[in-house]
Structure formats: C-alpha cells, structure tokens
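Chemist: sequence first, then the predicted structure:
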Amino acid sequence: MSRVLVVAAHPDDEVLGCGGSIAHHTTAGRTVGVLYLTSGEHASPTVAPDQLGPIREQEAIAATGVLGVAADELTWLRIPDGGVDVRDSDQVGAVMTVLRRFQPTLLYMPHPDDGSFDHREAAALCLRAAGMAGSANFPEWGGGPWWTPTILGYEVWSPIADPVYLEDITDTLEAKVTALWCYRSQTQTAKGAGQADYVGEPARYLAGYRGAMTGGGFREAFTVHRLGTVPL
C-alpha cells in the first residue's frame, strides 16, 4: 500500500498546496502523514507567537482531519518560524529520521521557487534529507536506509512556471475549501486589514485557473523531482 508524506513549512501549506490530492489519497485508503517544520507562530501581527503556535497546531489537526488524515500521523519539528535552514545538520537529520520511520512512497514538498524563504529552504531541506536517507550512512538519524521513489513540489505563494504534473481535484475541492476554513487565525478578520487572506472563496482561485488552462475543472499543479509512480 502506498504511503504518502506531506512536508509543510507552516500549518496550512499542506492544504493550500495539495489538500485536494491529500483527500484523494485518504479516500483511496492510503496512509497519509504530514510533517510540519514550523508551527507558523509569526503569521499574525495580532497574536503573540507563544500563543499563535499552539493555535495553529490545533487548526492543523482539525484541517487535516477534514481531509481524512489521522491526528497521530502528524509530526511537529517546531523549528522557529522563519528559521528553516538546509545548512543546519540537525534539521536535515530530523527530516531524515521522519523519512526513514514513515517510509513514504510519495513525498510532497513546497516547490523550490516558491515565494517564501521558509518554503524554498523547506524544498532544499527535503531534497537533501531524501538523498541522505537513502544511504546506509548516517545511522545516528535512525532506522535503515529509505529511498523515496516519487517527490512532487506543490505551489503556495508563487505559481509554478511550467508544471509537469497536474492532479484533477474537482471531486475533492470542497474538502480542500472546508479544511482551509479551519485556519481561522489566518483570515483577514483575525489578522487585520492589509494581511493576506486565502480562506474561503480564494481557496478556489488557483485550482480554478489550473483547470481553466488545462482540461477544465479544478487542479493542483506540481514540479517533479523524482518519478517512480504517482498512485491514482
């Protein structure tokens, strides 16, 4: 049975980038896990970081639950928000440990050119950790070697210029929109005027554009970094 791991730099990235695809996987009976690198504690000017981090973690549990992901399949590294760094060997090792333990056959991560420093570092961190996890070296990071055969990059802040793979999520779009509503701390009402707000109707826009430019409906777009098989 395929095992799917989603790496999110912040809570909500997993839903924005591949929430419809996650719902497809869970509906098909596949095990899906989510690895959160940070708790996104600096994502609001109106809530103190020590309060916002736990709030967003609870929102993530609710959001992924809507998509069919069990709460015990969520992992939190709690790297400081804004501090994801591929040059930090402890961060690389922590991601390696999760890869070796979970043993995904499909890994989702932010695409390498996404418009967020943490997202770009997350992509580099995932690719470095995935390469090292496949080696018999580095036993200090747990388990035996694990090679993840398929790695896809999802879009959040910056659309992928030339997506290689698109997933039709027309039948799971409503689950994606409902899941994003769980992140109420990220609405403009909660954060204040002038802040980004992608909860509600905006959750449909990028998927709608991707559908309009391809075969219709709603789609999520991905870069391809390794391609074994994409379970359908």
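Modeler: Noted; the coordinates are in hand.

Chemist: use CA for all of it now, contacts and neighbours both
Modeler: OK.

Chemist: for the chain, just list every one of the helices.
Modeler: 13-27, 49-66, 89-102, 117-133, 173-181, 188-191, 205-212 (DSSP state H).

Chemist: want to throw those helices into TSV with mean pLDDT and mean neighbour count?
Modeler: Compiled in TSV, these are given as follows (pLDDT from 0 to 100; neighbours: other CA atoms under 10 Å):
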stretch	mean pLDDT	mean neighbour count
helix 13-27	98	24
helix 49-66	95	19
helix 89-102	97	20
helix 117-133	97	22
helix 173-181	96	22
helix 188-191	75	15
helix 205-212	93	18
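
Chemist: now those as TSV including distance to Gly228?
Modeler: Shown next, in TSV, are the helices of the chain (distance: least, CA to CA, whole Å):
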stretch	distance to Gly228
helix 13-27	16
helix 49-66	26
helix 89-102	16
helix 117-133	14
helix 173-181	26
helix 188-191	40
helix 205-212	24
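
Chemist: tell me the pLDDT at Trp67?
Modeler: Just to correct that, residue 67 is Leu rather than Trp. pLDDT for Leu67: 98.

Chemist: got the phi/psi numbers for it?
Modeler: Backbone dihedrals for Leu67, given as degrees, to the nearest 10, come out at phi -80, psi 0.

Chemist: just give the nearest non-adjacent residue to it, would you?
Modeler: Ala23 (4.9 Å; CA to CA, 6 or more residues apart in numbering).

Chemist: wouldn't the one you found be in contact with Val177 here?
Modeler: No: in this structure, Ala23 is not within contact of Val177 by CA atoms under 8 Å, at 11.4 Å.

Chemist: how about the helices of the chain, which one is nearest His225?
Modeler: Checking the helices of the chain against His225 by CA to CA gives helix 117-133 as the closest, at 8.5 Å.

Chemist: who's in contact with the residue nearest to Pro104 when sequence neighbours are not counted?
Modeler: Nearest-residue entry for Pro104: Arg3, 4.7 Å, with adjacent residues in sequence omitted and distances by CA to CA, 6+ apart. Residues in contact with Arg3 (CA atoms under 8 Å, 6 or more residues apart in numbering) are Arg30, Thr31, Val32, Phe102, Gln103, Pro104, Thr105, Leu106.
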